[in-house]
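1. just the structure for this:
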Amino acid sequence: MKYPDIAERIIRLKNADLVLRERLVQNGQLGDGYNDEMAELHNQNAAILNEIIDTIGYPTVGKVGKEGSESAWLVIQHSIGQPYFMRKCAKLLEIAVSENKASPRNIAYLTDRIAAFEGRPQLFGTQFDWDQNGELSPKPFDDLFLVNHRRKSIGLNTLAEQTEEMRRRAKEENHSPPADFEKRKTEFDQWRKSVGWIK
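-> Residues are numbered from 1 along each chain as shown. Okay, the predicted model is just below:
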């Protein structure tokens, strides 16, 4: 069954997210911790999408079209202050992927993001952050050979190529490493604890 009205609604959530992100990039406000305005929008979007998912199930291409489904994934991927919601969506997305109703790349990015927030090694190396040397690098992953093998199996480039791409994009958007790496790490761990990623 198709839900064109719901598709439009989900696309609007994604567009609001991207508009705010672009404004923060332009104002140089994106790289300095989790922006309050962005956190609020991400939480609002997650609440709306959660209601939609409770009504129609996971927003697959068959239900909301390609743009609607990709938009839903982006909203989920950005719902970082909502661990329960992200984990719930990962289970639903996994089922959708196994039924060929959603993209394997989307589950790769989502499971990596959840793993990174929980402090576990990622499987596809899709999540990046600044390291102690001030370089944008993949967050911890299990094994480089296996990561590249998994990436290739879902049509992603190598981890080295993605690292190059991420560093180039960071430069274009004027992101810079934190002035105090240890302080940022402490604040990040406190935030993860406060929203329920870690105990």
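
2. domains of this protein?
-> Structurally, the chain divides into domains by automatic domain parsing as follows: 1-102, 120-192.

3. which stretch among those comes nearest D112?
-> Minimum separation from D112 across the domains of the chain (Cβ to Cβ) falls at domain 120-192, 3.9 Å. (C-beta placed from N, C-alpha, C; glycine too.)

4. can you get me the start-to-end distance on that closest one?
-> By Cα to Cα, to the nearest Å, the extent of domain 120-192 from end to end equals 13 Å.

5. for the record, mean pLDDT for it?
-> For domain 120-192, the mean pLDDT works out to 95.

6. ok, back up a step: ok, and which of the domains of the chain has the densest surroundings?
-> Across the domains of the chain, averaging neighbours per residue (mean count of other Cβ atoms under 10 Å) puts domain 1-102 on top, at a mean of 17.

7. average pLDDT across that one?
-> 95.

8. quote the end-to-end distance of that domain.
-> So domain 1-102: terminal residues 16 Å apart, Cα to Cα.

9. on that earlier part again, closest to I114 out of the domains of the chain?
-> Of all the domains of the chain, domain 1-102 sits nearest to I114, with 5.8 Å by Cβ to Cβ.

10. OK, contacts around the spatially most central residue of the chain?
-> Closest to where the C-alpha atoms of the chain average out (Cα atoms, centre = their mean) is Q77, at 3.2 Å. Neighbour list for Q77: Y109, L110, R113 [criterion: Cβ atoms under 8 Å, 6 or more residues apart in numbering].

11. closest to L146 among the residues you listed?
-> Using Cβ to Cβ, Y109 is the member of the contacts of Q77 that sits closest to L146, with 17.0 Å.

12. so for that closest one, what's the pLDDT?
-> 98.

13. count the residues that sit near it.
-> 21 (other Cβ atoms under 10 Å).

14. who are the packing partners of the top helix by length along the chain?
-> Counting residues, the longest helix found in the chain (DSSP state H) is helix 4-26. Packing contacts for helix 4-26, counted by 3 or more Cβ pairs under 8 Å, 6 or more residues apart in numbering; DSSP states H and E, involve helix 36-56, helix 61-77.

15. gap between it and the chain center?
-> 15 Å (Cα atoms, centre = their mean, to the nearest Å).

16. what are the contacting residues of stretch 112-123?
-> By Cβ under 8 Å, 6+ apart, stretch 112-123 touches 77, 80, 83, 86-87, 90, 108, 111, 124-127, 138-142, 146-147, 150, 192, 197-198.

17. circling back: any idea how far L146 is from the residue nearest to the centre of the chain?
-> Computed as Cβ to Cβ, to the nearest Å, the Q77 to L146 distance reads 23 Å.

18. ok, R12 next?
-> Relative to L146, and taking Cβ to Cβ, R12 is found at 39 Å.

19. how about K101?
-> 26 Å.

20. likewise S71?
-> In terms of Cβ to Cβ, S71 sits 31 Å off from L146.

21. what's the answer for R87, then?
-> Distance from R87 to L146, by Cβ to Cβ: 23 Å.
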